[in-house]
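Asker: just coords:
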């Protein structure tokens, strides 16, 4: 049995090992997520130095090891230098890498995930410099597609309570729809209010049996199971954007202004973190970036 194998992959995470090596986490088409040592890659004259950087795509020859495999050869076939030159693009790329690291499987082909990530990294890189809200729009689009590929897309066409289609009323500035992370998507507020009123009028048995009303433990549990928590209230434009993102094809999106993208990214972030079971640490970089650039971007 051969002790070496070939793979094509993109670097998603690196960490120092010893004095001169790196451990690189790579999403490969053929074998999914792998971790391998890039020996000597932190030396100035190392041929693996640049090839072991973030978001570099290589054709690799890897030797099997006892605990970690080792990269013996690497030929770069694609880089994304534009991502590192723009803080917003870099933060968005790291954000996507975190999601992919949570989704990707090891020892299984991950061609669809590999291609989808590269497609969205390419789109981010191609954005004009200073298109700050374009970063948000493209990030939201990528997050939605990654969730859909994992079988976890939020429901943005049909109310999670009534199973009826919801169409945003763009002519009405006061129109709103609820979004419930726990229920899995959009909720018609009228249906939600009706359900809440019904549960309040007809409390469950567990609620009646409480000996101490001042400690409503069972009451809270019953109500949370029956009435989904509303995580956000979206206006018609924001729902329209979410519904556009749900289209399977890679589409061009208007990125000239905020126009709801801040809210859309926030709700998709909450949804992704809930289903991944962990925070997206790179999201704090996105928040910092827009806190610093929001004024300039909207003048």
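Answerer: Structure received. Please read these numbers as outputs of a predicted model, since none were measured by experiment.
Asker: how many other residues sit next to residue 14?
Answerer: Residue 14 has 18 neighbours, counted by other Cβ atoms under 10 Å. Placement of C-beta: from N, CA and C, glycine included.
Asker: cool, and residue 70?
Answerer: 15.
Asker: now swap in residue 197 and tell me
Answerer: Residue 197: 11 neighbours (other Cβ under 10 Å).
Asker: got a list of what residue 289 touches?
Answerer: 87, 88, 91, 132, 135 (Cβ atoms under 8 Å, 6 or more residues apart in numbering).
Asker: so which of the residues you listed is the most crowded?
Answerer: Result: residue 135 is most packed of the contacts of residue 289 (other Cβ under 10 Å), 28 neighbours.
Asker: immediately after the longest strand seen in the chain, which helix or strand?
Answerer: As assigned by DSSP state E, the longest strand anywhere in the chain is strand 4-17. Going down the chain from strand 4-17, the next helix or strand is strand 21-28, by DSSP states H and E.
Asker: so for whichever helix or strand comes after that following strand, what's the average pLDDT?
Answerer: Heading C-terminal from strand 21-28, the first helix or strand you meet, by DSSP H and E, is strand 32-38. Strand 32-38 shows a mean pLDDT of 97.
Asker: and the angle for the helix or strand following strand 32-38 with strand 21-28?
Answerer: Following strand 32-38 in sequence order, the next helix or strand is strand 57-63 (DSSP H and E). Interaxial angle, strand 57-63 versus strand 21-28 (axes from the mean of the first three to the mean of the last three Cα atoms, to 10 degrees): 110 degrees.
Asker: buried ones in the longest strand of the chain?
Answerer: 7, 8, 9, 10, 11, 12, 13, 14, 17 (16 or more other Cβ atoms under 10 Å).
Asker: repeat for stretch 19-35
Answerer: Residues of stretch 19-35 classed as buried by neighbour count (16+ other Cβ under 10 Å): 21-34.
Asker: Let me know the closest of those residues to residue 156.
Answerer: Proximity of the buried residues of stretch 19-35 to residue 156, judged by Cβ to Cβ, is greatest for residue 27, which lies at 27.1 Å.
Asker: For that closest one, give me its contacts.
Answerer: 9, 10, 12, 33, 100, 104, 110, 113, 114, 117.
Asker: ok, the last one to residue 98 distance?
Answerer: Going back to what we said before, that points to residue 117. 12 Å (Cβ to Cβ, to the nearest Å).
Asker: between those two, which one's more packed in?
Answerer: Neighbour totals were compared for residue 117 and residue 98, and residue 117 leads with 26 against 20 (other Cβ under 10 Å).
Asker: okay but the more buried one is in contact with residue 26, surely?
Answerer: No: if you go by Cβ atoms under 8 Å, residue 117 and residue 26 don't touch, sitting 11.8 Å apart.
Asker: what touches both of those two?
Answerer: With contacts taken as Cβ under 8 Å, 6+ apart, the residues that reach both residue 117 and residue 26 are residue 10.
Asker: hang on, residue 243 is in a helix, isn't it?
Answerer: Yes: assigned with DSSP: H, G, I helix; E, B strand; the rest coil, residue 243 falls within a helix.
Asker: what residues are up against it?
Answerer: Per Cβ under 8 Å, 6+ apart, neighbours of residue 243: 156, 157, 168.
Asker: shaky segments in the stretch 151-299 of the chain?
Answerer: Within the stretch 151-299 of the chain, the stretches with pLDDT under 70 are 202-225, 248-257, 259, 294-299.
Asker: for the buried residues of strand 4-17, which one is nearest residue 162?
Answerer: Nearest member of the buried residues of strand 4-17 to residue 162, counting by Cβ to Cβ, is residue 12, at 40.3 Å.
Asker: what does the longest strand of the chain contact?
Answerer: Contacts for strand 4-17 (Cβ under 8 Å, 6+ apart): 22-31, 34, 37, 42, 52-64, 72, 77-78, 97, 100-101, 114, 117-118.
Asker: quick one: the strands in the stretch 51-200 of the chain?
Answerer: Listed in chain order, the strands of the stretch 51-200 of the chain (DSSP state E, counting those that start in this stretch) span 57-63, 69-78, 176-180, 185-187.
Asker: can you redo the buried residues of strand 4-17 as CSV with pLDDT?
Answerer: Formatted as CSV, the buried residues of strand 4-17 follow (pLDDT from 0 to 100):
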residue, pLDDT
7, 97
8, 98
9, 98
10, 98
11, 98
12, 98
13, 97
14, 96
17, 95
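Asker: Identify the residue spatially nearest to residue 59, adjacent ones excluded.
Answerer: residue 75 (4.6 Å; Cβ to Cβ, 6 or more residues apart in numbering).
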